[in-house]
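S.K.: The following comprises the amino acid sequence and a computationally predicted model.
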Amino acid sequence: MVMAMHRTNIAARFAFAAGLTLLAVSAPRPTLGQGAPPGPLAPEPGVQPEKPPANARDASIRVRVNEVVAPVTVRDRSGEMILSLPQANFHIYDNGVEQKIEHFDLGSEGLSVVLAMETSSRIEAVLPAMRRTGIVFTQTVMARSGEAAVIGFDDSVNLVAKFTTNADTIETAIHHVREGTSGTLLYDAMKLGISQLSEQPVARRRILVVVGEARDTGSDSKLGEVLRQAQLANVTIYSIGLSSAAAALRSKPDPTPPVELGPPGTFPVPTPHGLPQTPELERAMQENIDLSALAEWLVKSGMNALGPNSLAVASKATGGLNVKTMKDQSIEKAMDEIGGELHAQYTIGYRPAEDAAFGYHDITVTVDRPEVTVRTRPGYYVQPHD
């Protein structure tokens, strides 16, 4: 990880080179009124939260794969981002076949961002830290060229703020975050966010930022289906994992039993060297799981894999970044880190063949530069026609 001070220096150098100016917004903090209506997020006075359309959970997002957009982050041996690479240094492969790069950009395109915030009673203790992320989000993630919308979720999913370029509106919505009920419809919230992003112009980068615990308590949507939709809509998922352990220590007892990763008695990822699937091996594999393999399995199967890695898997499957927080105050630092990467990231686009085969397509990106690490989305899934 790049240190915060150094990341600021990188952003400053990039802003000078690309003419990007971050707009600092200083919005007054409204005082929370007494007797405010309950709910995950309180909107601006006089504005009622919108409910998702009645068929939002049942409707599927159908996207023809006209263009595949891959976010690419390149770091040197010390973990610092490399910002000086020309297009000629990049090569992108679809199922092992090199593709012609039709689109290339370094952090200058406008962003469409959906911020999905968990508001369940389980995380009551970290709500003050979540409220403080408002100005960080508007300054470092939205920045000057961004537009954003806000979703709150607990036992329900609410579209609190529609897409807007008004940073004050977004900061106010975040500042009014309130404790909701005990559930967490994480996957339904992610699906709504992707649906909103899929309606934004294709010329903008589509980003979903999720802040919450890596747990779901009964969404109608399945994680695998959500990730398919994200990949087809060219949505990159960034996530800030709230500390489940810290929240559990401070919150009310949770009656929800732990959920196994996959059906009872099974494990969805092949065991190493064909070893028997014993409980001891399953626990060890969950601690050291190959997120890329799990992400691919989820997208191919469209199934759920409920466990402690859902947010990390979602980010891995789309080329984003998962930042885990151990202390409340690190939530702001995590948001700042995400913003720093978004505005110093390469974007590569190509058009797959019209007769592209159904099924999962692996994406690989290489860079003509020694001793660098490259992070991008691992692939996408083309579903057969009904």
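M.R.: That came through, no problem. Numbers count the residues shown, from 1 in each chain.

S.K.: Neighbouring strands - and their directions - for the helix or strand encompassing Leu115?
M.R.: Assigned by DSSP states H and E, Leu115 falls within strand 111-118. Strand 111-118 pairs in its sheet with strand 147-153 (parallel), strand 205-212 (parallel), by DSSP bridges.

S.K.: helix or strand right after the last one?
M.R.: It refers to strand 205-212. helix 223-232.

S.K.: Where does pLDDT dip in the stretch 151-300 of the chain?
M.R.: Scanning the stretch 151-300 of the chain for pLDDT under 70 picks out 244-288.

S.K.: count of neighbours near the closest residue to Leu197 other than its chain neighbours?
M.R.: Closest residue to Leu197 apart from its sequence neighbours, by Cβ to Cβ, 6 or more residues apart in numbering: Arg206 at 4.2 Å. For every residue, glycine as well, the C-beta is placed using N, CA and C. A count of nearby residues for Arg206, using other Cβ atoms under 10 Å, gives 25.

S.K.: for the nearest residue to Tyr346 once chain neighbours are set aside, what are its contacts?
M.R.: Distances taken as Cβ to Cβ, 6+ apart place Val72 nearest to Tyr346, at 4.2 Å, with adjacent residues excluded. For Val72, the contacting residues are Phe90, Gly319, Gln345, Tyr346, Thr347, Ile348, Val365, Val374, Arg375, Thr376, by Cβ atoms under 8 Å, 6 or more residues apart in numbering.

S.K.: hang on, Lys162 in a helix?
M.R.: No: counting by DSSP: H, G, I helix; E, B strand; the rest coil, Lys162 is located in no helix; its state is strand.

S.K.: Which of the strands paired with strand 111-118 sits closest to Val382?
M.R.: In terms of Cβ to Cβ, the element of the strands paired with strand 111-118 nearest to Val382 is strand 205-212, at 18.8 Å.

S.K.: how far off helix 223-232 does that closest one point, in degrees?
M.R.: Angle of strand 205-212 versus helix 223-232, following axes from the mean of the first three to the mean of the last three Cα atoms, to 10 degrees, is 150 degrees.

S.K.: Neighbours of Asn89, how many?
M.R.: Asn89, neighbours per other Cβ under 10 Å, totals 15.

S.K.: residues in contact with it?
M.R.: Here Asn89 is in contact with Val367, Asp368, Arg369 (Cβ under 8 Å, 6+ apart).

S.K.: what residues are up against Ala312?
M.R.: Ala312 neighbours (Cβ under 8 Å, 6+ apart): Ala214, Ser239, Gly241, Leu291, Asn322, Lys324.

S.K.: how about 7 Å then?
M.R.: Leu291, Asn322 (Cβ atoms under 7 Å, 6 or more residues apart in numbering).

S.K.: Within the helices and strands, which one has it?
M.R.: Going by DSSP H and E, Ala312 is in helix 310-318.

S.K.: Trp297 now?
M.R.: Assigned by DSSP H and E, Trp297 belongs to helix 291-301.

S.K.: From the rest of the structure, what touches that helix?
M.R.: So helix 291-301 is in contact with 223-224, 227-228, 231, 268-269, 305, 309, 312-313, 316-317, 360, 378-379, 381, going by Cβ under 7 Å, 6+ apart.

S.K.: buried stuff in it?
M.R.: Leu291, Leu294, Ala295, Glu296, Trp297, Leu298, Val299 (16 or more other Cβ atoms under 10 Å).

S.K.: okay, these in CSV with distance to Glu67 next?
M.R.: What follows is the buried residues of helix 291-301, written out as CSV (distance: Cβ to Cβ, whole Å):
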residue, distance to Glu67
Leu291, 26
Leu294, 26
Ala295, 21
Glu296, 21
Trp297, 25
Leu298, 23
Val299, 18
